[in-house]
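A.B. asks: Kindly return the folded structure for what I paste below:
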Amino acid sequence: MQRIFATMKQALGNSLLILGILSFSIVSSLLIFFATPSLAAPVSTEGQKLIQQEKLDRNSQKAAEDRSYSYEEQLEAAKDPDKVYEKNVKAYKDSHPGENLVEEATEGAQKLIKNATK
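C.D. replies: Predicted coordinates for the structure are as follows:
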């Protein structure tokens, strides 16, 4: 009789252990699925996402305007490239005043030659 109770006790203990492990694994897997949304950003960031999207839209519109403006400038430059070249040279000289000493010297020499030949 004691052997029967011992085997029943062992079988009951094993089945409770298996049932406990199984229930623990089911509960933990359910908690993993329910915990995922809580790791995401809060709901209040939807407004921030909209603001970021609006900024991206503005930037893309600005980039499109810049492209169209650049395209128009290139069309004008293609019509008269000499004018654009002179404009670029003048802008370079204005931004780098001390770097064209040789050109200033040649211009000065040409002025002296003109004054001497008069």
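
A.B. asks: For the helix or strand hosting residue 112, give the mean pLDDT please.
C.D. replies: Per DSSP states H and E, residue 112 falls inside helix 101-117. Average pLDDT, helix 101-117: 85.

A.B. asks: can you pull the buried residues of that helix?
C.D. replies: Residues of helix 101-117 classed as buried by neighbour count (16 or more other C-beta atoms under 10 Å): none. All C-beta spots, glycine's among them, are computed from the backbone N, C-alpha and C.

A.B. asks: The helix or strand of the chain with the lowest mean pLDDT packs against which elements?
C.D. replies: When the helices and strands of the chain are scored by mean pLDDT, DSSP states H and E, helix 45-79 comes last with a mean of 80. If you count contacts as 3 or more C-beta pairs under 8 Å, 6 or more residues apart in numbering; DSSP states H and E, helix 45-79 packs onto no helix or strand.

A.B. asks: Restricting to C-alpha, output the helix or strand that that helix is followed by in CSV.
C.D. replies: Toward the C-terminus, helix 45-79 is succeeded by helix 81-95 as the next helix or strand (DSSP H and E). The C-alpha trace of helix 81-95 is given here as CSV (Å, rounded to 0.1, in the frame of the first residue of the first chain):
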residue,chain,number,x,y,z
PRO,A,81,28.3,82.3,-71.4
ASP,A,82,30.7,85.2,-71.7
LYS,A,83,28.5,87.4,-69.5
VAL,A,84,28.4,84.7,-66.9
TYR,A,85,32.2,84.2,-67.1
GLU,A,86,32.8,87.9,-66.5
LYS,A,87,30.3,87.9,-63.6
ASN,A,88,32.1,85.0,-62.0
VAL,A,89,35.6,86.5,-62.5
LYS,A,90,34.4,89.8,-61.0
ALA,A,91,32.9,87.9,-58.0
TYR,A,92,36.1,86.0,-57.6
LYS,A,93,38.2,89.2,-57.6
ASP,A,94,35.9,90.8,-55.1
SER,A,95,36.1,87.9,-52.8
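
A.B. asks: Many thanks, have a good one.
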